[in-house]
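> missing the sequence, but the structure's below:
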């Protein structure tokens with residue numbers, strides 16, 4: 001009889017996750033098996049569960065901010081060893097053959113597979129992953145490291161597409177897991193951070209100020225000076241024209257989310273004077289290598305709320321309702 005493990009699984013969209021007993025997955029060629037130490041809870045998980053990302057592999061084990069210890073190696077694997085601590089991100093597999101892959105833009109792979117969406121993820125006691133998309137984790141605190149695997153990596157790519165540390169005045173819309181990580185990096189680089197939260201969310205605004213934001217207010221407020229760039233982590237399309245209104249000529253508005261509500265029509269004058277709107281798609285290995293090396297030098301400190309694996313639905317609901325400062329993390 002095969003050994004089994006506990007896993008929180010999605011059987012149909014719009015339904016709560018179910019705690020199931022399932023076989024422990026075995027690594028195939030080029031894969032590694034890991035014992036999950038912690039798995040972050042991301043807004044993308046909500047998009048999958050709510051059916052907004054409409055092609056999940058069902059039944060599905062969600063979770064793509066996975067930190068674990070290597071327990072078995074598949075055929076042909078080298079460079080990893082038993083007991084080593086690794087992280088597994090959203091981008092879980094690429095073909096290596098399509099035009100984007102050959103051009104070094106693997107984040108746009110035409111046949112990409114995604115952890116916790118088209119591949120089983122980390123809301124479980126064990127997981128398997130493609131070794132090409134595993135990153136060494138040197139942090140002894142697995143819970144603190146987990147949010148770096150998506151909130152951190154996608155936040156970093158969003159920041160890079162907005163010009164990295166070039167913009168002096170940086171607006172951040174939606175002050176959740178990604179924003180609380182990125183704000184620390186921006187402040188360390190000497191940028192002035194302007195945090196936009198849900199209107200009236202004074203705890204989130206106080207949290208942003210504590211992390212170094214020079215100003216914090218509702219997304220319906222005007223910042224005290226024009227922004228050089230704006231990063232959007234809230235999945236609200238109406239924020240795009242609002243952010244454009246607050247960005248100076250030549251500035252960029254970059255959306256870091258994988259899903260967003262429809263963007264309303266807006267006058268051309270908001271886009272004129274070489275303002276730009278960009279989106280972030282997934283991540284590359286370069287993003288992971290750069291950011292995970294950079295994070296300890298800031299140093300970035302994640303603020304988390306830990307939940308037992310079986311309370312995954314509660315963690316997701318707390319995220320949905322905006323009850324979290326920082327990130328939620330499941331502990332199998």
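Perfect, thanks for sending it. Computed from a predicted structure; not experimentally measured.
> ok, now which ones touch residue 262?
By CB atoms under 8 Å, 6 or more residues apart in numbering, residue 262 lies in contact with residue 237. For the C-beta atoms, the positions are set from N, CA and C on the backbone; glycine is no exception.
> and residue 228, what pLDDT?
We have a pLDDT of 98 for residue 228.
> that one: helix or strand, and which one exactly?
Applying DSSP states H and E as the criterion places residue 228 in strand 227-232.
> can you pull out the strands in the stretch 51-200 of the chain?
66-73, 85-88, 91-93, 113-114, 126-130, 135-136, 169-173, 192-197 (DSSP state E, counting those that start in this stretch).
> kindly reformat those strands as TSV containing mean neighbour count.
Shown next, in TSV, are these (neighbours: other CB atoms under 10 Å):
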stretch	mean neighbour count
strand 66-73	22
strand 85-88	24
strand 91-93	24
strand 113-114	19
strand 126-130	25
strand 135-136	17
strand 169-173	26
strand 192-197	26
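> and these as JSON lines, adding distance to residue 150 and mean pLDDT?
Below are the strands of the stretch 51-200 of the chain laid out as JSON lines (distance: least, CB to CB, whole Å; pLDDT from 0 to 100):
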{"stretch": "strand 66-73", "distance to residue 150": "10", "mean pLDDT": "98"}
{"stretch": "strand 85-88", "distance to residue 150": "10", "mean pLDDT": "98"}
{"stretch": "strand 91-93", "distance to residue 150": "10", "mean pLDDT": "98"}
{"stretch": "strand 113-114", "distance to residue 150": "11", "mean pLDDT": "98"}
{"stretch": "strand 126-130", "distance to residue 150": "14", "mean pLDDT": "98"}
{"stretch": "strand 135-136", "distance to residue 150": "12", "mean pLDDT": "96"}
{"stretch": "strand 169-173", "distance to residue 150": "16", "mean pLDDT": "98"}
{"stretch": "strand 192-197", "distance to residue 150": "20", "mean pLDDT": "98"}
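> next, the angle from the strand holding residue 228 to strand 192-197.
For strand 227-232 against strand 192-197, the angle by axes from the mean of the first three to the mean of the last three CA atoms, to 10 degrees is 40 degrees.
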